[in-house]
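K.L.:
what follows is a predicted structure for the sequence shown.
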Amino acid sequence: EAVCRIIKDVRPKRVCHLAAIHFIPYCNQHPLEALDINVQGTLSVLEACKAAPPEMVVIASTAAVYGICDEPCKETDIPAPLDIYGISKHTCEQLARLYSTDTGAPCIAARIFNAVGPNETNLHLVPQLINQLICGERTVALGNLEPRRDYIHTSDLAKGLMCALNHKQKGYDIFNIGTGREHSVRDLVKMCENVLGQRVEIKQSPRLTRKVDRMHLCANIDKVRRVMGWEPKIGIEDALRELLDASVEYPSETA
């Protein structure tokens, strides 16, 4: 009721729905809560928009809707989520499609890949690594080391979402928001070594190691490039440098 009231009072031209529980381990441990908030919350937003459909509604989906694949994922790939979070977001996509069909209004599901940047509130891989390094640790505890992921800086992600919000289209569509490049955990540690100018050892922690973990998750961004003219600008090493530079004093290049 509160969401409906706000949408009715504000009558926004564009809506970008980002709210969700998105830390996958938490979602798997609390499936009812995750499904309630992610699915019911999205339904509340879309139902509120029906009274006066905005020019565009963008909902945050996720790369987790994709199944196991060794090639970069395309929007046309058949979804096959492996966890509760992915299931919840795939359901949200279907709700968005129905909203667009029912109202005739445009709606986009943005399938976001692994976002990295400042002010992270969940202990995803990059915050786990950075937090240990900024505390002075040079032996870091990490989980699975070989899986490769597509890491997108939150600044690029925000610009991609803005392109989606301003995109002129009819009906419902899906776009990947990633970089098209993937890196392993070992790659990230090596990049941090380059930034720090110091050796970093890895201690694999059983507590942090997932029993099942896909080896690849990378975006094919040909569609978003072609249709919206958007592409990322910030590489993962620059993103890691930014996070480390905010908190660590490094030796000079001549040291």
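P.N.:
That came through, no problem.
K.L.:
show me where the stretch 51-200 of the chain has strands.
P.N.:
In the stretch 51-200 of the chain, the segments counted as strands under DSSP state E, counting those that start in this stretch are 56-62, 107-112, 114-116, 139-142, 148-149, 151-153, 172-177, 183-184.
K.L.:
quick one: closest of those strands to residue 89.
P.N.:
Closest approach to residue 89 among those (CB to CB): strand 56-62, 4.6 Å. Quick note: C-beta positions are derived from backbone N, CA and C, even for glycine.
K.L.:
next, the angle from that closest one to strand 172-177.
P.N.:
50 degrees (axes from the mean of the first three to the mean of the last three CA atoms, to 10 degrees).
K.L.:
what does strand 56-62 contact?
P.N.:
By CB atoms under 8 Å, 6 or more residues apart in numbering, the residues outside strand 56-62 that reach it are 13-18, 20, 22, 42, 45-46, 49, 85-86, 89-90, 92-93, 96, 99, 105-112, 161, 164-167, 174.
K.L.:
please apply the same query to stretch 13-28.
P.N.:
The contact list for stretch 13-28 (CB under 8 Å, 6+ apart) reads 7, 30, 33-34, 37-38, 41-42, 45, 49, 54-60, 62, 64, 83-85, 88-89, 122-124, 161, 164-166.
K.L.:
now those: which count as buried?
P.N.:
Using 16 or more other CB atoms under 10 Å as the burial test, the contacts of stretch 13-28 include 7, 34, 37-38, 41-42, 45, 49, 54, 56-60, 62, 64, 84-85, 88-89, 124, 161, 164-165 as buried.
K.L.:
what's the distance between residue 7 and residue 171?
P.N.:
21 Å (CB to CB, to the nearest Å).
K.L.:
now, of the contacts of strand 56-62, which are buried?
P.N.:
For the contacts of strand 56-62, a burial check counting by 16+ other CB under 10 Å picks out 15-17, 20, 22, 42, 45-46, 49, 85-86, 89-90, 92-93, 96, 99, 105-112, 161, 164-165, 167, 174.
K.L.:
tell me which element the nearest residue to residue 85 once chain neighbours are set aside is part of?
P.N.:
Nearest non-adjacent residue to residue 85, counting by CB to CB, 6 or more residues apart in numbering: residue 27, 4.1 Å away. Here residue 27, judged by DSSP states H and E, is contained in helix 24-29.
K.L.:
now that helix - C-alpha only, PDB.
P.N.:
Provided in PDB are the C-alpha atoms of helix 24-29 (Å, rounded to 0.1, in the frame of the first residue of the first chain):
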ATOM      1  CA  ILE A  24      23.800 -15.700  -2.400                       C
ATOM      2  CA  PRO A  25      24.800 -17.600   0.800                       C
ATOM      3  CA  TYR A  26      22.200 -15.700   2.800                       C
ATOM      4  CA  CYS A  27      19.500 -16.300   0.200                       C
ATOM      5  CA  ASN A  28      20.300 -20.000   0.300                       C
ATOM      6  CA  GLN A  29      20.200 -20.100   4.100                       C
END
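K.L.:
right, and the helix or strand after that helix?
P.N.:
helix 31-35.
K.L.:
quick one: the helices in the stretch 1-150 of the chain?
P.N.:
In the stretch 1-150 of the chain, the helices defined using DSSP state H, counting those that start in this stretch lie at 2-10, 24-29, 31-35, 41-50, 84-103, 125-134.
K.L.:
dump these into CSV; add mean pLDDT and distance to residue 154 as well.
P.N.:
Shown next, in CSV, are the helices of the stretch 1-150 of the chain (pLDDT from 0 to 100; distance: least, CB to CB, whole Å):
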stretch, mean pLDDT, distance to residue 154
helix 2-10, 94, 25
helix 24-29, 92, 18
helix 31-35, 97, 22
helix 41-50, 96, 21
helix 84-103, 97, 18
helix 125-134, 90, 11
